[in-house]
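[1] Fold the following, please.
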Amino acid sequence: MTPKNFDISQRWAAIVNPVAGSGRGLTDWPQISGLLRDEGIAVDAMFTLHKYHATELAVAAVRQGYRRIIVVGGDGTIHETVNGFFIQQECPTTDILMAVIAVGTGNDWIRMFGIPRNYVDAIRSIREGHAFLQDVGKVSYYESKVHQSRYLANVAGFGYDAAVCRGFNRLKEKGCRGKWIYLFSVFREALRYRTRRVRVEVDGEEVFDGKLFTGTVGICKYTAGGLTQTPNAIADDGLFDLTVIPAMNRVRLFSRFRVVYTGNIYDIPRVSLFRGGSIRVHAERPVRLEIDGEILGYSDFEFRIVERAVRVVVSEKFIRDRA
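    Residues are numbered from 1 along each chain as shown. As a prediction, this is how the structure comes out:
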């Protein structure tokens with residue numbers, strides 16, 4: 001067994017998203033809180049009431065003195081919580097420790113760090129006491145012609161990726177549930193999406209100038225329930241992984257779609273991988289952006305790496321595999 005690098009005895013704040021996972025955040029919280037109690041992990045629960053409330057709760061929790069926060073939700077709740085860490089002014093972000101008990105739909109962030117979806121095993125990962133400093137990305141973009149910024153904890157997408165995410169989120173807002181709605185969005189947007197001409201720079205060097213189908217920027221590997229569009233991403237190497245898929249025949253592209261699940265996306269002809277600490281995307285016409293599954297705005301975009309900025313609980317297996 002690898003040695004622990006934090007002690008669980010300090011009291012935790014739990015940011016619980018009651019609507020995550022089609023309502024499992026609420027229905028499963030009594031079970032989760034009981035399991036935490038059984039493991040000797042003391043928590044004070046805070047429940048989100050609206051979109052971006054997790055950001056507000058994270059700021060409030062840190063202001064109240066909490067330095068250990070458990071997110072009970074999905075990738076969107078993680079995204080909001082991490083952004084709260086950067087808004088608060090009480091302490092460096094690295095003084096805060098974030099653990100995750102996943103109750104969401106995609107649960108992609110936990111895949112990167114080997115955290116189980118099973119509640120008992122996820123809480124055991126907290127009990128094991130292993131922390132890791134991951135990179136994040138600061139992303140600048142435009143919304144309603146206003147320049148804004150947000151922090152990226154997992155994966156961002158622009159072009160077709162963002163169109164699919166937008167369609168998927170709209171179906172969820174209408175009450176649709178199940179894995180089919182993502183596949184429905186994938187194929188519906190494939191018929192409707194129109195490519196845009198973009199220019200992409202990595203660390204100041206132009207790497208792409210042409211019609212883009214989709215682009216993916218990753219701190220981590222997984223998105224959309226297990227797709228690996230940035231399969232070589234390392235969460236603390238100080239670099240983004242960027243995958244660019246140019247406009248191409250869509251029948252040909254989707255005939256190879258399965259490779260996105262196996263990590264062999266670069267077997268698709270003309271797909272390119274780049275790495276760097278800064279990425280700029282310029283477009284002749286607006287290109288939509290999603291960050292951690294949240295639709296945020298339009299081009300032009302800029303991504304800047306913030307190295308080893310957020311301290312997170314990871315599994316013992318993740319630590320062993322890196323050794």
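[2] hey, where'd the helices end up in the stretch 1-150 of the chain?
    20-27, 29-38, 53-63, 75-87, 108-112, 119-128 (DSSP state H, counting those that start in this stretch).
[3] Can you lay out those helices as CSV showing mean pLDDT and distance to V136?
    For glycine as for every other residue, the C-beta is placed from the backbone atoms N, C-alpha and C. Below are those laid out as CSV (pLDDT from 0 to 100; distance: least, C-beta to C-beta, whole Å):
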stretch, mean pLDDT, distance to V136
helix 20-27, 86, 21
helix 29-38, 96, 26
helix 53-63, 98, 14
helix 75-87, 97, 7
helix 108-112, 95, 12
helix 119-128, 94, 21
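[4] any chance of those in TSV, plus distance to F301 and mean neighbour count?
    TSV is the format used below for the helices of the stretch 1-150 of the chain (distance: least, C-beta to C-beta, whole Å; neighbours: other C-beta atoms under 10 Å):
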stretch	distance to F301	mean neighbour count
helix 20-27	27	18
helix 29-38	36	15
helix 53-63	21	21
helix 75-87	16	24
helix 108-112	21	25
helix 119-128	33	18
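[5] So which residues of the stretch 51-200 of the chain form strands?
    Using DSSP state E, counting those that start in this stretch, the strands of the stretch 51-200 of the chain run over 68-73, 97-102, 131-143, 146-152, 155-159, 196-202.
[6] Show me which strand runs longest in this protein.
    Secondary structure of the chain read by DSSP state E shows that its longest strand is strand 294-313.
[7] where's I319, which helix or strand?
    Using DSSP states H and E, I319 maps to helix 316-322.
[8] how far away is the spatially closest residue to G277 that is not a sequence neighbour from G129?
    Nearest residue to G277 in three dimensions, chain neighbours excluded: I305, at 4.4 Å (C-beta to C-beta, 6 or more residues apart in numbering). From I305 across to G129, the span is 27 Å (C-beta to C-beta, to the nearest Å).
[9] Between those two, tell me which one has more neighbours.
    Neighbours per residue, other C-beta atoms under 10 Å: of I305 and G129, the larger number sits with I305, 20 against 15.
[10] Show me where this structure dips below the pLDDT cut-off.
    1-7, 178-180, 250-264 (pLDDT under 70).
[11] Break it into its domains for me.
    12-129, 136-307 (automatic domain parsing).
[12] gap between the longest one and the chain center?
    In this case it means domain 136-307. 12 Å (C-alpha atoms, centre = their mean, to the nearest Å).
[13] how long is that domain end to end?
    With C-alpha to C-alpha, to the nearest Å as the measure, the ends of domain 136-307 fall 7 Å from one another.
[14] what sits opposite D241 in the beta ladder?
    Going by DSSP bridges, D241 is paired in beta bridges with G218, R275.
[15] and it, what is it in contact with?
    V217, G218, T230, N232, A233, L273, F274, R275 (C-beta atoms under 8 Å, 6 or more residues apart in numbering).
[16] Looks like the first one contacts N154 (just checking).
    Right, V217. No. With contacts counted by C-beta atoms under 8 Å, V217 stays clear of N154, the gap being 10.1 Å.
[17] picking that back up, looking at the contacts of D241, which two lie furthest apart in space?
    V217 and N232 (13.1 Å; C-beta to C-beta).
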